[in-house]
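Peer 1: Let me see the structure of the following:
(4 chains)
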4 protein chains.
Amino acid sequence: MMSGNSYGKLFTVTTFGESHGLALGAIVDGCPPGLEISEEDLQIDLDRRKPGTSKFTTQRREADQVKIFSGVFEGKTTGTPIGMMIENTDQRSKDYGNIKETFRPAHADYVYDHKYGFRDYRGGGRSSARETAMRVAAGSIAKKYLKQKLGIEVKGYLSQLGPIKIEKVDWSVINDNPFFCPDVDKVDEMATYMAALNKEGNSIGAKITVVATGMIPGLGEPIFDRLDADLAHALMSINAVKGIEIGAGFDCVAQKGTEHRDEMTPEGFLSNNAGGVLGGISSGQDLVAHIALKPTSSMRLPGKSINQKGEAIEVVTHGRHDPCVGIRATPIAEAMMALCLMDHYLRHRAQNADVTCETPVIKGQA
Amino acid sequence: MMSGNSYGKLFTVTTFGESHGLALGAIVDGCPPGLEISEEDLQIDLDRRKPGTSKFTTQRREADQVKIFSGVFEGKTTGTPIGMMIENTDQRSKDYGNIKETFRPAHADYVYDHKYGFRDYRGGGRSSARETAMRVAAGSIAKKYLKQKLGIEVKGYLSQLGPIKIEKVDWSVINDNPFFCPDVDKVDEMATYMAALNKEGNSIGAKITVVATGMIPGLGEPIFDRLDADLAHALMSINAVKGIEIGAGFDCVAQKGTEHRDEMTPEGFLSNNAGGVLGGISSGQDLVAHIALKPTSSMRLPGKSINQKGEAIEVVTHGRHDPCVGIRATPIAEAMMALCLMDHYLRHRAQNADVTCETPVIKGQA
Amino acid sequence: MMSGNSYGKLFTVTTFGESHGLALGAIVDGCPPGLEISEEDLQIDLDRRKPGTSKFTTQRREADQVKIFSGVFEGKTTGTPIGMMIENTDQRSKDYGNIKETFRPAHADYVYDHKYGFRDYRGGGRSSARETAMRVAAGSIAKKYLKQKLGIEVKGYLSQLGPIKIEKVDWSVINDNPFFCPDVDKVDEMATYMAALNKEGNSIGAKITVVATGMIPGLGEPIFDRLDADLAHALMSINAVKGIEIGAGFDCVAQKGTEHRDEMTPEGFLSNNAGGVLGGISSGQDLVAHIALKPTSSMRLPGKSINQKGEAIEVVTHGRHDPCVGIRATPIAEAMMALCLMDHYLRHRAQNADVTCETPVIKGQA
Amino acid sequence: MMSGNSYGKLFTVTTFGESHGLALGAIVDGCPPGLEISEEDLQIDLDRRKPGTSKFTTQRREADQVKIFSGVFEGKTTGTPIGMMIENTDQRSKDYGNIKETFRPAHADYVYDHKYGFRDYRGGGRSSARETAMRVAAGSIAKKYLKQKLGIEVKGYLSQLGPIKIEKVDWSVINDNPFFCPDVDKVDEMATYMAALNKEGNSIGAKITVVATGMIPGLGEPIFDRLDADLAHALMSINAVKGIEIGAGFDCVAQKGTEHRDEMTPEGFLSNNAGGVLGGISSGQDLVAHIALKPTSSMRLPGKSINQKGEAIEVVTHGRHDPCVGIRATPIAEAMMALCLMDHYLRHRAQNADVTCETPVIKGQA
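Peer 2: Here you go, the predicted model:
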C-alpha cells in the first residue's frame, strides 16, 4: 500500500503493468457482493478510452480486451477480490531503444532513474498512461454500483482544448465525437486545430470537467479525508494533470462571500459554487470538478536534455503517442471520480450506517 | 485511519478537537529519533497562525500555547509518538446558540447533520478552521527535520487577495506584514481593501503560493500516490480550499508542448512549468503549488437558508471570524506541504534506501 | 500508522505516552455517532486495571483518572475523534538511574537502543505496560457499543497462575478477588503462592481466557484479515504475551477431524473447538481465546547482562513492578478483544450492509 | 485494503483467486528495485507446496506454474508492482455440486453465506487453502531479498503430526521426505499413521515450527505492530491455524522469571525463551514460532449439519483433499514469516535508516 499502486481504502484498486510488458492487471478488493457485473460491462468504458480509434490519438492498436479471473460467480460479485487483466498486443519496444540512455524533457525518465536506480525504458514503462486502462476497468465496476444502488451517475467532457473553450454542454453528443466534446459547434474547430498541430509536430494541453449527478449528502471524512481532498488526490494521480478545481475553483479567489455562498431554500440550493462539497462532505448537489492536463511531452520537435552521464544532448521523441493526452482522458477522469465516490460511500456507511437525520434532504442541483 | 483524522502514512499526524471544546490535540507517529525539538520550535509557526494578532483577522484571543507530553526525551525525539495539546481558552459558545437549529449557507452545518445525525454546533465544532493549529504544530516538526537533515525549506506567501494580485516576490518581507504578502507595494492596498470589506460586512477569497526549495529528486510513489497527488490531497484538506495548481497549473491547458516542457541542461532545468514534479516524482526543482481559498462563509450580511425542519429562514452570522480565511492560511499551507514531503521522504527511503544512481543530479531551480 | 502506535482500521486507537512522562493519551477515531459515553464509563475498567489496588501488584499509586477532551457533545459521541488523557502522578524516575547504561535481561532496553539509537530509560519508557491504560480506556468505548447495539459482551478471567490451574468458571466472582480468578476455591492458593514468590523476589507467568458472548456471524475479512488473525495480532500486542490460542488451540494438533469439527444442528453447534471462528469469520458461537503471559522480567534476583559498551555486568531490578503481569492483564485482554470486534463490525458493514441471507442463524453457544 | 486480501504495509501482497476459478494471482508492491528474480526462483517453493506430490496429500494435480507479468525488467525488480498468476488446470467442480445447499461442519460454508449472502461453493471457493499458492510465490521474493541483502534465512519443519512428536531437528533432511519432517527416525511412523488414517477416512492435526536465522536487532514497531504481534497475525491468517507460540510460548505460563529470562553476555544470549523478540522488537536471536493446525474438516466420515433452509442433514465430504493440512503447510508458514520480516525491515529503515547505536550487537543464537 505504501508503494502507491493502490487507490481507495475500502473499495481498493491495485494495479500492475508496464507500457510494453506482457499485460496490465488489477485487483479490486472490497466490492460489495451481489452486484451483477460482466466483462462486457467493463468493456464499454475501455472502448471509450482505447487508443487508435481516431486520427487524433496514438496509432498504437490495442484491443484492450479485459478478462475477469475471480470474484464473480454466476454473474454476480461474491465479495472476494476481483482479478482482471488486459494483454498487451501491439508493443513496439524497438521504437524506444534510443531513449535507453537519454532523458526526454518533461517525461519521467530522469526521475525514475534517480528514484529506482534504473528503469524499464520501453514506452515509458510504468510511467506510461497505458496503465490508466486498468483504472477505467475498475472504475466501471464502481460506476455500475453507484448507479444501480444509489442513483449516482458520473460523467465527463472535454471543456477546453488548447485555446478552444466549450460554450455549451449537451450531454447527449459527448460520445458521438472523438473529443468527448459536449458542444457540437466546436467539434470541427477542434479537428482542424489538431490537424495543424500534428503537422507542426507539437502537442497541446486540455481541460476536462467531471460531474456526479444524483448525489447524496454525507460522503467525505473530515478533517483530512474530505471528499474534495480525496477527489483531488484521485484526479491529480492521472498522468499529466497539473491543476484541480472543485466548483468555482480559482474563480473563488476574487469572489465575495455573498457571491460565493450557495444559498439554501426548501426547494434546493440556489447556486453551486461549492461544487457539491461543504466542509469536506457532499451536500447532495452535483459534484463538479475540473482538471488541467498538460500537453504531451512526447513530440517530434527537438528539445534540450541530458543523457545518463549528465551530458548535454538533443532529444526527439519517436514512437506512437497522443498529441493531446486530454482527448482520451475523459473516461479516466470519470473512473477516478467513481472510485473516489464508491470508496467514500463504503467509508461513510461503515461509521454511520445507523444514523438517522430528521432534516429533509433538499434538492441538490442548482 | 478510515475516519479521516490522520494525515500521512509513515509520518502520521492524527488530530482531535473542536472549536469550543476543552482543547486541541495531536499525535505525531513516525518521527525519526534523534531530532532536537522543543515546544519553542513549534511555537514559532503557531504564533504566525495565531488569531487576534491584527485587525484583519478574527478577534478571538487564543495564546495557542502548545505542550508536548511524550516522545521527546532530553530534548530529542525518541522515535515514539509525540503527544501534543493546546488548551482552548477564549471560547464564547453562547455566540452560537442561534445556529443550533439553523444551517448557515456555505458552512458545514447541514452536511454534518446529515452525516452524523447531530453536531457540536458551537463555533462550527470540528469543522472550524481552529483545528488547523495542530496541523501547524505537527508541520513544524516536519519542517525542522526537512531543513536540518535534507536542506529542504518550505515557505509560502499570499499571492492574491480578492482582486489584488502580487507582482513581485520578496521573501524577506513576508513575515513583516499581517498578510504574508511578499510585495511591500501591495500591503497598503490590501489593508485599505480589508477595511472597506469589514465595513461592508462581507468576506473575500485569496490565493496562496507554497514553495519547497532545496528539493531532492525521487520523492513520490506512482502511480496513485504521486507526490503531486498527495500534495493536492494535503492542500485540499485545508478548510476553504477550492483549487490546486502544481507549477503552471491551469495555464498548461493553452500551452503547447514546446512551451510547457522544461528543457534540461547539465547546468539545470531551463524552466519550471512542472512545478518540480515529473511523472509524480520530485525532479529536484523547486516544488511549487498554488491554492485558491474561498471567501469566509461567516458574514454579517443576511442570506437565505433553511432550519432543521427544512423551513425557509434568513441567516446572519454573529460570532468572531476571519473576513478572509486566506490571510492566516500561509503557515497552514506550509505545514501541509512539509507533512507531505516528510511522509514521502520516509516512504521513498523505505523502498529505495539502497539505490544508487550514476546520473548526476542537475541543478533543480529554474 | 506505520510506526505501530495505532490499532484498528475503521475504529482506530492511537496512543502516546511513556511510563514516567507527563501523561498517557489516546485518540479514538471512527466511533459511530450517537453513543452515550462518559468519563465514568471508562473509569470502571481503568479501575479494574489500576496499579496498587492489592499487595499482589506494583505499589505505584496512580489514580488513572481519564479525561475526555473532544468527540463527545451533550453526553453522546459526535463521530469526530475522541481525545483522552491520563496524567502520570507517581513517577519515581530516580529509581531507574542505574539502568540508564545497562540492559535488563528480557526487557526491551537492548532492542530499543538498537532500533532508535537511544531510549527514555525511566521505568521502561514507552515499552512499559503502563501504556495499556489507554487501551483499556479505548476498549471501554468499544465494549459499550458492542453491548448496547449488538448485544455482544466481552469478558475474561485468569485461567492459570504459574502452576495453579482454574477448574471451574463462575463469572460472578471474577471481579471480587484481586486475580480475576473465576474459581473461588483457588483464590487462597493463589494468594499464598504470590506471597511466597514475593518473598523469593521472583516472578511468574500466567494464562488468561477472554470470551465474547452474544456474537453474530459474519465478522472477519479473509484471507489475511481473518477475525482470528486480527485477534491474534491484538492480543499478542499486549506486553509479555508469548502465545495465543483460539478455541481448542494447541489441543487440535492431536485431535482427529471427527473429534475437532463442531457439528451443527438446527438447535445450534454441538461443540466449540473452533472458538467461534470458521474460515476466519465469526460463526455466532462464543469467541474464545487464551493467552500466555511470561513472568515479569523485573525482579530482585540478580541476572547476567551487558552494559552499553558491551561489557559483562550483573543486573538487579529495583523500582516498583508487578511480580505477575498476568494478574492485571484481564481488563487489557478484554479491551483488545473488544477493539478487534468493534473494528471488524465496522469493516463488515462497510462492505456488506445490504446483504441478506435466507439461512437462519443457529444458536451459537455450545 | 480493508477487505483483507492484502498483507504487509510496505512490502504488500494482494491476492485473488478461488479454488475452482480460472486462476490465482497476486500483486507484490513495494519490493526494492534491483533484486534479481525469476519465475524459476519462485517455482522452487511452489513445488515444495504443490498438491499431488505424495500419497499423503490431495490427489488434485496442479502444475502450479507461476508467470510474472510486470515489475521485473532485464532480470531485476524495477520497484514497480510485480504481477503474477498461476492458472488452475485440474478443477473438478462437479464434485462439489452436492454442497451447494448444505454446510459442511468446520468449513467456511455457513459463515460465507451469512457474510456475503451467497458463495462460490466450488471446492470452497476463496476459503480453500488453494489461495496459499500465491502466498508462497510472494514469500519467495521476500525470502530471496532477506537472504541476499541481510543474511536472514527462513525455514520450517513439521514438529508434530497428531500424536507423533519430533525429537530431533536435522535441517538437512527436511526436504527429503513428504512431511517436511526433520527427524528421519519418525518418517516411517508418520507414513504408517497416515495410511491408517486414510483407511479410516479421518483427518488429523499438526504442529509446525518456523525459524529465521541470521536475524538483526531492531525489527518491530511497538506498541501495536510489534514483530511478534504481526507475526501472529501472519501465521494465524493461514488456513486451519488455531494457535501461535513465540519462543517458549505456553510453557512460559508455569515458568518463573529467573527461568524464563534470557540472560545476556558479551558472547551472546544464554537461552532463547523469548523466541527472538523483546518488547515487540527483534533481538538478533533466532526468531522462533510454532503453529497448531487443526485436522482437515473435509473427511469421508459423516457428520451432523444443516442445509440452507436450516434443516438437519448429514454431510459426507467428497472431492479431493489433504487428510492433514499440516503436511503441506511448512512452505506456507515460511512464506508468511518471510513476508512479515520483509515488511518490518522496510518499516524499520523508513523511520530509522540514519540511526547509529554504539552498543555492539551480541551473538543472537542461543
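Peer 1: CA only for contacts and neighbour counts going forward, please
Peer 2: Will do.
Peer 1: Show me what the host helix or strand of A:Met337 packs onto, helices and strands only.
Peer 2: Taking DSSP states H and E as the criterion, A:Met337 maps to helix A:330-352. Helix A:330-352 sits against helix A:39-49, helix A:132-145, strand A:153-161, strand A:206-213, helix A:227-236, helix B:109-116, helix C:330-352, with contacts defined as 3 or more Cα pairs under 8 Å, 6 or more residues apart in numbering or on different chains; DSSP states H and E.
Peer 1: try 7 Å
Peer 2: For helix A:330-352, the elements it packs on are helix A:39-49, helix A:132-145, strand A:153-161, strand A:206-213, helix A:227-236, helix C:330-352, judged by 3 or more Cα pairs under 7 Å, 6 or more residues apart in numbering or on different chains; DSSP states H and E.
Peer 1: average model confidence for the fifth one?
Peer 2: For helix A:227-236, the per-residue pLDDT values average out at 98.
Peer 1: Can you name the element that comes right after that helix?
Peer 2: Using DSSP H and E, the helix or strand that follows helix A:227-236 in sequence is strand A:241-246.
Peer 1: Note down every partner strand of that following strand and its orientation.
Peer 2: Strand A:241-246 pairs in its sheet with strand A:287-293 (antiparallel), strand B:241-246 (antiparallel), by DSSP bridges.
Peer 1: Which residues are in contact with the closest residue in space to A:Leu10 that isn't next to it in sequence?
Peer 2: With sequence-adjacent residues excluded and distances taken as Cα to Cα, 6 or more residues apart in numbering or on different chains, A:Leu10 is closest to D:Met2, at 5.1 Å. Taking Cα atoms under 7 Å, 6 or more residues apart in numbering or on different chains as the criterion, D:Met2 is in contact with A:9-10, A:30, C:347.
Peer 1: Same check on A:Asn198?
Peer 2: Residues near A:Asn198 by Cα under 7 Å, 6+ apart: A:Pro323.
Peer 1: That one: which element?
Peer 2: According to DSSP H and E, A:Asn198 maps onto helix A:184-200.
Peer 1: Buried residues, that helix. List them.
Peer 2: A:184, A:186-187, A:190-191, A:193-194, A:197-198 (16 or more other Cα atoms under 10 Å in any protein chain shown).
Peer 1: The residue lying closest to A:Arg226 once chain neighbours are set aside: neighbouring residues, count only.
Peer 2: With sequence-adjacent residues excluded and distances taken as Cα to Cα, 6+ apart, A:Arg226 is closest to A:Gly280, at 4.0 Å. By other Cα atoms under 10 Å in any protein chain shown, the residues close to A:Gly280 number 30.
Peer 1: if I pick A:Gly280, what's in contact with it?
Peer 2: Shown in contact with A:Gly280 (Cα under 7 Å, 6+ apart): A:220-222, A:226-228.
Peer 1: At the contact with chain D, which residues of the stretch 51-200 of chain A appear?
Peer 2: Contact residues (Cα under 7 Å from any Cα of the partner chain) of the stretch 51-200 of chain A with chain D: A:69-70, A:73, A:78-79, A:81-83, A:116, A:119-120.
Peer 1: thinking again about what came up before, can you lay out the strands paired with strand A:241-246 as JSON lines showing mean neighbour count?
Peer 2: Listed next are the strands paired with strand A:241-246 as JSON lines, based on neighbours: other Cα atoms under 10 Å in any protein chain shown:
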{"stretch": "strand A:287-293", "mean neighbour count": "29"}
{"stretch": "strand B:241-246", "mean neighbour count": "30"}
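Peer 1: Adding mean pLDDT, write these out as JSON lines.
Peer 2: Output for the strands paired with strand A:241-246, formatted as JSON lines (pLDDT from 0 to 100):
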{"stretch": "strand A:287-293", "mean pLDDT": "98"}
{"stretch": "strand B:241-246", "mean pLDDT": "98"}
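Peer 1: and the ones you listed as JSON lines, adding distance to D:Ile327?
Peer 2: As requested, those are exported to JSON lines (distance: least, Cα to Cα, whole Å):
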{"stretch": "strand A:287-293", "distance to D:Ile327": "55"}
{"stretch": "strand B:241-246", "distance to D:Ile327": "56"}
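Peer 1: Give me whichever of the helices and strands packed on helix A:330-352 is most buried.
Peer 2: Using mean count of other Cα atoms under 10 Å in any protein chain shown, the stretch among these with the largest mean neighbour count is helix A:227-236, at a mean of 30.
Peer 1: for that helix, packing partners?
Peer 2: Where contact means 3+ Cα pairs under 7 Å, 6+ apart, helix A:227-236 is packed against helix A:330-352, helix B:227-236.
Peer 1: Nearest approach to D:Gln160 belongs to which of these?
Peer 2: D:Gln160 sits nearest to helix A:330-352 of all the helices and strands packed on helix A:227-236, at 42.5 Å, using Cα to Cα.
Peer 1: I figured A:Ala338 was touching A:Lys144, is that so?
Peer 2: No. The criterion here is Cα atoms under 7 Å, and A:Ala338 misses it with A:Lys144 at 9.2 Å.
Peer 1: gap between the residue in the stretch 251-366 of chain A that chain C sits nearest to and C:His344?
Peer 2: In the stretch 251-366 of chain A, no residue comes nearer to chain C than A:Ala350, which is 4.2 Å away by Cα to the nearest Cα. Distance from A:Ala350 to C:His344, counting by Cα to Cα, to the nearest Å: 10 Å.
Peer 1: can you check A:Pro331 too?
Peer 2: 35 Å.
Peer 1: swap in A:Leu150?
Peer 2: From A:Leu150 to C:His344 the distance is 24 Å (Cα to Cα).
Peer 1: swap in A:Leu161?
Peer 2: Distance from A:Leu161 to C:His344, by Cα to Cα: 48 Å.
Peer 1: if we can go back for a sec, Throw the contacts of A:Gly280 into a markdown table and include distance to C:Asn307, thanks.
Peer 2: Listed next are the contacts of A:Gly280 as a markdown table, based on distance: Cα to Cα, whole Å:
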| residue | distance to C:Asn307 |
| --- | --- |
| A:Gly220 | 52 |
| A:Glu221 | 49 |
| A:Pro222 | 48 |
| A:Arg226 | 50 |
| A:Leu227 | 53 |
| A:Asp228 | 54 |
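Peer 1: residues in contact with A:Ala289?
Peer 2: A:Ala289 makes contact with A:209-211, A:245-247, according to Cα under 7 Å, 6+ apart.
Peer 1: What average pLDDT does stretch A:72-88 get?
Peer 2: What stretch A:72-88 shows for mean pLDDT is 97.
Peer 1: For it, give the distance from the opening residue to the closing one.
Peer 2: Counting by Cα to Cα, the terminal residues of stretch A:72-88 are separated by 23 Å.
Peer 1: cool, stretch A:70-85 as well?
Peer 2: Criterion Cα to Cα; first-to-last residue distance in stretch A:70-85 is 11 Å.
Peer 1: That one and chain C in contact?
Peer 2: No. On the criterion Cα under 7 Å from any Cα, stretch A:70-85 is out of touch with chain C, staying 7.8 Å away.
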